[in-house]
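[1] Return a 3D structure for these sequence lines:
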Amino acid sequence: MSKRNSQAAKSAARERIRAQQEAERKREKRKQAVIVGVSIVAVLAIAGGVGYAVMQSNAPSKWEEAADAKVVTPANASGKNGTTVTIGKSATKNTVHLYEDPRCPGCAAMEQSIGSTIDKGMKDGDYKLTFTLGTFLDNNLSGEGSKNALSALGAALDVSPDAFLEYKTALYSTKYHPEETADDFAEDDYLIKVANTVDALKGNKKFKSAVEKGTFAPWALKMSDSFQSAKGVESTPTIKINDKVVDTPKTPDAWKAALKKAGVTK
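    Residues are numbered from 1 along each chain as shown. Okay, the predicted model is just below:
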């Protein structure tokens, strides 16, 4: 009996060991399944992230979209795509044509030295003012400031000719015009900050919305194309009086002399 009982105990012990081993194998399988599942989720998440990043990198930029978008012409502009911006009394036959780039330091210097004198001659009826603005400095220096500022100027022109002139003056001022290599104008907040110094644009929700939405970005690109095709314009600023290029005057007296030489004033 003692022998019979010993064999049964051994058999029971072996059965318990097999059961424990089987249970351990099942636990190990479940553990491996969890690890594999987590790994698959992680791989899918990484793949999804990479895919999203690739999609984002392939997404068109604001300006690529603007190039294909419908052109919204600012009020107070005329001609094809609204690229003719002329301000002043229509009775006079004399025209002063300014070619500028928003990031151009020479244009800022001209505005600061004779800008108010040029505007006064227009308001006095001596001539009309026409503007063609380019964005070539964005290509030369990299960035988007010229294009973005030009789009904002379109939004100002949409408000009124005076708002356009005053905003252009503010952008070229010593306080707000950045260094040529800086791209401050690429930031909408900066452009709106400058606009808030202009009475007609301060707190103007329509203007602010147009800047932030890039309403006149397609127009800015068309205006830039018009600048690129302008004859006799090799740099900025360029001034034409009655379609003839003149040296850029450095003082109000020099400006008056240039006008007199061109037969514009008495």
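[2] Now for Ser78: which residues touch it?
    Thr84, Thr86 (Cβ atoms under 8 Å, 6 or more residues apart in numbering). Bear in mind the C-beta positions are built from the backbone N, C-alpha and C, glycine included.
[3] what do you get if the cut-off is 6 Å, keeping everything else the same?
    Residues near Ser78 by Cβ atoms under 6 Å, 6 or more residues apart in numbering: Thr84.
[4] same thing with Ala75?
    Contacts of Ala75 (Cβ under 6 Å, 6+ apart): Asp158.
[5] Let's verify it: helix, strand, or coil?
    Here Ala75 is recorded as coil under DSSP: H, G, I helix; E, B strand; the rest coil.
[6] just so I have it, where are all the helices in the stretch 151-266 of the chain?
    If DSSP state H, counting those that start in this stretch is used as the criterion, the helices of the stretch 151-266 of the chain fall at 161-171, 188-195, 205-213, 217-228, 252-261.
[7] Show me the contact partners of the first one.
    Contacts of helix 161-171 from elsewhere in the structure, counted by Cβ under 6 Å, 6+ apart, are Asn76, Ile87, Gly115, Asp119, Ala156, Leu157, Val194, Thr197, Val198, Ala200, Leu201.
[8] Now render the helices of the stretch 151-266 of the chain as TSV, adding mean pLDDT, distance to Tyr127 and mean neighbour count.
    Formatted as TSV, those follow (pLDDT from 0 to 100; distance: least, Cβ to Cβ, whole Å; neighbours: other Cβ atoms under 10 Å):
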stretch	mean pLDDT	distance to Tyr127	mean neighbour count
helix 161-171	98	14	21
helix 188-195	98	27	19
helix 205-213	98	28	16
helix 217-228	98	20	22
helix 252-261	97	8	16
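[9] Low-confidence stretches in the stretch 1-150 of the chain?
    For the stretch 1-150 of the chain, applying pLDDT under 70 flags the ranges 1-24, 26-60.
[10] how about the strands in it?
    Under the criterion DSSP state E, counting those that start in this stretch, the stretch 1-150 of the chain contains strands at 85-87, 95-100, 128-133.
[11] which of those strands is buried the deepest?
    Neighbour counts (mean count of other Cβ atoms under 10 Å) averaged over each of the strands of the stretch 1-150 of the chain peak at strand 95-100, with a mean of 22.
[12] Would you mind getting the angle between that strand and strand 128-133?
    Put simply, strand 95-100 runs at 20 degrees to strand 128-133, going by axes from the mean of the first three to the mean of the last three Cα atoms, to 10 degrees.
[13] circling back to that earlier point, including distance to Ile241, could the strands of the stretch 1-150 of the chain go into CSV?
    Formatted as CSV, those follow (distance: least, Cβ to Cβ, whole Å):
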stretch, distance to Ile241
strand 85-87, 14
strand 95-100, 6
strand 128-133, 11
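[14] out of these, which comes closest to Thr181?
    strand 95-100 (17.9 Å; Cβ to Cβ).
[15] now the closest one, how far from the centre of its chain.
    Distance of strand 95-100 from the chain centroid (Cα atoms, centre = their mean, to the nearest Å) equals 24 Å.
[16] cool, stretch 122-135 as well?
    For stretch 122-135 - counting by Cα atoms, centre = their mean - the centre lies 25 Å from the chain centre.
[17] again with stretch 242-259
    Relative to its chain's centre, stretch 242-259 lies at 33 Å (Cα atoms, centre = their mean).
[18] Many thanks, have a good one.
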